[in-house]
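# Give the three-dimensional model of this entry:
(chains A and B)
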Amino acid sequence: QQQVKQSPQSLIVQKGGISIINCAYENTAFDYFPWYQQFPGKGPALLIAIRPDVSEKKEGRFTISFNKSAKQFSLHIMDSQPGDSATYFCAASTGAGGTSYGKLTFGQGTILTVHP
Amino acid sequence: DTAVSQTPKYLVTQMGNDKSIKCEQNLGHDTMYWYKQDSKKFLKIMFSYNNKELIINETVPNRFSPKSPDKAHLNLHINSLELGDSAVYFCASSHPGRRGNEQFFGPGTRLTVL
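Numbering: from 1, shown residues only, chains lettered A, B, ... in the order given. Have a look, this model is predicted:
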């Protein structure tokens, strides 16, 4: 059962453009929504994360928008750069601040290519 | 000063063999994980250990057996390897409660079963 659905599978953007990746989840118990970035040959690394008590979180050029009622969240990359070319994964888990052991359910991934 | 390390980075073996992948973290985390990334890049959790105790086991075949000798190490042993086991295996670690349980991933082990 796929609990986190991510789209698009791949995305091509020109340098300076905005990249937008969307995710939808089913489990209303999820309370932590991170985005991971993975470069070829490397492990995923946390990029930015949000909890459902806020609707938006911004860190530099990266912004998460969160819509709790729609059970959707998205990653926006402003002023996209060739160095942003990577695979991006959304994820969700429960018990973010407590003693839960953080089982992450990942989306299918989006391969982002930023052309110079 | 590597945070999460895995060995080997590449593993090529024949069907039916038994192999192990080792993982070590020097972050002082209590929880460690094994993930499998298939050819379509889909990441799925396999196991999680907290303080050497198994806490997550995601319907992985019995041929896969994790072992945690201490909380800094989590090894993965695979018996009777099958073609479908070919994938990249990632080890990760975290400390629940810190930064929403941010997980730190190792560089991965690419397993190819011939």
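
# quick one: is the helix or strand harbouring B:Ser93 near chain A?
B:Ser93 is located in strand B:87-94, with elements delineated by DSSP states H and E. Yes - for a cut-off given as CB under 8 Å from any CB of the partner chain, strand B:87-94 has contacts with chain A, namely B:90, B:92, B:94. Just so you know, the C-beta spots here come from the backbone N, C-alpha and C atoms, and that holds for glycine as well.

# How about residues contacting that strand?
Among residues not part of strand B:87-94, those counted as contacts by CB atoms under 8 Å, 6 or more residues apart in numbering or on different chains are A:43-44, A:102, B:3-4, B:6, B:21, B:23, B:25, B:27, B:29, B:31-39, B:43, B:74, B:76, B:101-106, B:108-111.

# ok, now with 6 Å
Residues from elsewhere that reach strand B:87-94 (CB atoms under 6 Å, 6 or more residues apart in numbering or on different chains): A:43, A:102, B:4, B:6, B:21, B:23, B:25, B:27, B:29, B:31-38, B:101, B:103-106, B:108-110.

# try stretch A:78-90
The set of residues external to stretch A:78-90 that reach it, using CB under 6 Å, 6+ apart, is A:6, A:13, A:16-19, A:21, A:23, A:35-39, A:61, A:77, A:106-107, A:109-114, A:116, B:41.

# and the residues of strand B:87-94 next to chain A, which are buried?
Listed as buried from the residues of strand B:87-94 next to chain A are B:90, B:92, B:94; burial here means 16 or more other CB atoms under 10 Å in any protein chain shown.

# how close does the last one sit to B:Val88?
From B:Ser94 across to B:Val88, the span is 19 Å (CB to CB, to the nearest Å).

# Double-check B:Ile55 against B:Ser48; I have them as touching.
Yes - with contact defined as CB atoms under 6 Å, B:Ile55 and B:Ser48 form a contacting pair (5.2 Å).

# In terms of neighbours, single out the busier of those two.
Residue environment comparison for B:Ile55 versus B:Ser48 gives the larger neighbour count to B:Ser48, 26 against 15, counting by other CB atoms under 10 Å in any protein chain shown.

# Shouldn't the more buried one be within a strand?
Yes - note on B:Ser48: a strand contains this position according to DSSP: H, G, I helix; E, B strand; the rest coil.

# Which secondary structure element of the chain has the lowest mean pLDDT?
Defaulting to chain A. Across the helices and strands of chain A, mean pLDDT, DSSP states H and E gives its lowest value to strand A:105-106, namely a mean of 92.

# Please refer instead to chain B.
Of all the helices and strands that make up chain B, strand B:53-57 has the lowest average by mean pLDDT, DSSP H and E, namely a mean of 83.

# Fine by me, we can end here.
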